[in-house]
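pasting the structure only:
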């Protein structure tokens, strides 16, 4: 319970609710500029507690391979991996081990396997040539998203992303 309380505190008081770690695996987000953050929203926390305890929900602490091991056909899986960033021009280090191009390729293979098993898949990622290559057999929609977090002000604003679906 103490770890959950710490995570809620960090989410409510750090810059834009961002969670990331440095190469050593230590939490690495500056403090936000909130005047009076609502850290303990008791009614919402109790409602979430009730929902999680009275519905058939499983929360796993595992990588996506383990989490997807027994997904039944007809299910919908949404993938939101660290976005592909050629030449590491954009921040994608939310985990000490990172998420490499090899990891992107492995994820695409998992996406393909689930698709062949009748699982509906939706994935968001950066609009890069690799994403178009890896998911060429699927429907790719280019959408724009606003980005407010970037160490370089020129990296903020509207950016293209892809939404990839298999139906």
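Received it, and whenever you're ready, just let me know what you need. Source: prediction; values computed, not measured. Residues are numbered from 1 along each chain as shown.

For this protein, which segments are assigned as helices?
2-13, 42-53, 64-67, 101-116, 129-134 (DSSP state H).

Excluding its own residues, what touches the last one? List them.
What it means is helix 129-134. Surrounding helix 129-134, the residues in contact under the criterion CB atoms under 8 Å, 6 or more residues apart in numbering are 84, 86, 101, 104, 105, 108, 125, 140, 162, 164. The C-beta positions use only the backbone N, C-alpha and C, and glycine is treated the same way.

same thing but 6 Å
84, 108, 125, 162 (CB atoms under 6 Å, 6 or more residues apart in numbering).

what's the offset of that helix from the middle of its chain?
Offset of helix 129-134 from its chain centre (CA atoms, centre = their mean, to the nearest Å): 19 Å.

in that helix, what's buried?
131, 134 (16 or more other CB atoms under 10 Å).

That helix - what's its average pLDDT?
Mean pLDDT, taken over the full extent of helix 129-134, equals 98.

Start at 54, not 1
Noted, 54 is the first residue going forward, which turns the last one into helix 182-187.
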